[in-house]
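Enquirer: take a look and give me a structure for this.
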Amino acid sequence: MQKGSKIYIAGHRGMVGSAIIKALKNQGFNNIITRTSKELDLRNQQAVSDFFAIEKPEYVFLAAAKVGGIQANNCYRAEFLYDNLMIEANIIHHAYLNNVTKLLFLGSSCIYPKLAPQPLKEEYLLTGSLEPTNEPYAIAKIAGIKLCETYNNQYGCNFISAMPTNLYGPNDNYDLENSHVLPALIRKFHTAKKNNEKEVEVWGTGSPKREFLHVNDLAEACLFLMLEENAPQLSNIGCGEDISIKDLALTVKKVIGFEGALTFDTSKPDGTPRKLLDLSILHKLGWKHKIELEEGIRSVYEEVKSQF
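Expert: Next up, the predicted model:
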């Protein structure tokens, strides 16, 4: 990938897409193509076909997706399956038809079986049942991985997939109805502190363990994989350390300076008991994360606290 190569970022206004653009520009890549969802509905096959035929991108970062937390995944199951299937199928197929040099598809760690051994290795894909609460989203992401794999096998494409762990960072979603756990906790604790509330309630038991990666680290990893000549078909991206939801909540509580109590609504679902990624493949290639969790939470909170 050269500095002047034509690069399309699908989903450029989202947390991941915007971080990838920032990483590209920081390294001198300046020929970047973007379209908003109003300008280009990625679920529309003809619209995507016309876009690729006109623009002819050389490289594609497929970060566009319908995303949300445990509640959104569970409530809008059909939308999460249909929208994500259509987005990835249209982009991957037309990348092939228009001779894209290399494509990177962004998946999710939820692709792995609910009760797979920890840490999760890439080879565990399709070896067991998925977590029911986000099964439609996971199935869509698995389909994207398999599209990349089969297009490589049948057509000789260079389409790779990256599976990030739980992400946080600039341009995250802080809507309590459909956000992920970390931004939801930041919003909850900030609101409780501002309103002098006595407690903050967290969904579930607090016992599940999750791994969190700052989105700027993810963007650097994606660029690393795009530039890596021998990048694997599928690679995990994470930090290699996990934390219980209870300890995560206590960390956010500390960063924000909330003095009240922490309670748990055990009637709400916990989701997968643990999700820690095995990073052997990426570490052997020479990439490691840089931003530690508490440092990352502090920087994010400083950026967003004035918005609430």
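
Enquirer: would you list the phi and psi of residue 110?
Expert: Summarising the backbone geometry of residue 110 under the convention degrees, to the nearest 10, its torsions are phi -70, psi 0.

Enquirer: helix, strand or coil for the nearest residue to it once chain neighbours are set aside?
Expert: Counting by Cβ to Cβ, 6 or more residues apart in numbering, residue 138 is the residue found nearest to residue 110 once chain neighbours are left out, at 4.5 Å. Where C-beta positions appear, they are placed from N, C-alpha and C, glycine not excepted. Reducing the assignment to helix, strand or coil with DSSP: H, G, I helix; E, B strand; the rest coil, the entry for residue 138 is helix.

Enquirer: quick one: residue 138 and residue 128 touch, right?
Expert: No: applying Cβ atoms under 8 Å, one finds residue 138 not in contact with residue 128, separated by 11.8 Å.

Enquirer: which one of those two is surrounded by more residues?
Expert: Between residue 138 and residue 128, residue 138 has the larger neighbour count (other Cβ atoms under 10 Å), namely 25 against 12.

Enquirer: from residue 87, how far off is the more buried one?
Expert: The gap separating residue 138 from residue 87 is 15 Å, by Cβ to Cβ, to the nearest Å.

Enquirer: the chain: helices as residue ranges?
Expert: Ranges of helices in the chain, per DSSP state H, are 15-26, 45-55, 70-75, 77-97, 135-155, 181-194, 215-227, 245-256, 280-285, 293-304.

Enquirer: and the fourth one, what does it pack against?
Expert: With contacts defined as 3 or more Cβ pairs under 8 Å, 6 or more residues apart in numbering; DSSP states H and E, the packing partners of helix 77-97 are helix 45-55, strand 59-62, strand 102-106, helix 135-155, strand 159-164.

Enquirer: most tightly packed of these?
Expert: Sort the helices and strands packed on helix 77-97 by mean neighbour count, taking mean count of other Cβ atoms under 10 Å, and strand 59-62 sits at the top with a mean of 26.

Enquirer: quick one: average pLDDT of it?
Expert: The predicted model assigns strand 59-62 a mean pLDDT of 98.

Enquirer: any idea how far it is from the middle of the chain?
Expert: With Cα atoms, centre = their mean, to the nearest Å as the basis, the distance from the averaged C-alpha position of strand 59-62 to the chain average is 15 Å.

Enquirer: send over that strand as PDB, restricted to the C-alpha atoms.
Expert: Listed next in PDB are the C-alpha coordinates belonging to strand 59-62 (Å, rounded to 0.1, in the frame of the first residue of the first chain):
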ATOM      1  CA  TYR A  59      -7.700  -1.000  -0.700                       C
ATOM      2  CA  VAL A  60     -10.700  -1.400   1.500                       C
ATOM      3  CA  PHE A  61     -11.200  -1.300   5.300                       C
ATOM      4  CA  LEU A  62     -14.600  -2.800   6.000                       C
END
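
Enquirer: which residues sit against it?
Expert: 1, 5-11, 17, 20, 87-88, 91-92, 95, 100-106, 144, 222, 226 (Cβ atoms under 8 Å, 6 or more residues apart in numbering).

Enquirer: that strand pairs with which strands, parallel or anti?
Expert: For strand 59-62, sheet partners with direction are given as strand 7-10 (parallel), strand 102-106 (parallel), following DSSP bridges.

Enquirer: got TSV for these, with mean pLDDT and distance to residue 292 too?
Expert: Converted to TSV, the strands paired with strand 59-62 look like this (pLDDT from 0 to 100; distance: least, Cβ to Cβ, whole Å):
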stretch	mean pLDDT	distance to residue 292
strand 7-10	98	27
strand 102-106	98	23
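
Enquirer: let's have those strands in a markdown table, adding distance to residue 65.
Expert: Formatted as a markdown table, these follow (distance: least, Cβ to Cβ, whole Å):
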| stretch | distance to residue 65 |
| --- | --- |
| strand 7-10 | 9 |
| strand 102-106 | 7 |
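
Enquirer: just checking, residue 248 touches residue 210?
Expert: Yes: with contact taken as Cβ under 8 Å, residue 248 and residue 210 are classed as touching, separated by 7.0 Å.

Enquirer: can you list residues touching both of those two?
Expert: Here residue 248 and residue 210 share the contacting residues residue 181, scored by Cβ under 8 Å, 6+ apart.

Enquirer: comparing the two, which shows the higher neighbour count?
Expert: residue 248 (23 against 20).

Enquirer: where does pLDDT dip in the stretch 101-250 of the chain?
Expert: Counting by pLDDT under 70, the stretch 101-250 of the chain contains low-confidence residues at 178.

Enquirer: gap between the residue nearest to residue 136 when sequence neighbours are not counted and residue 87?
Expert: On the basis of Cβ to Cβ, 6+ apart, the spatially nearest residue to residue 136 that is not a chain neighbour turns out to be residue 81, at 3.7 Å. According to Cβ to Cβ, residue 81 stands 11 Å off from residue 87.
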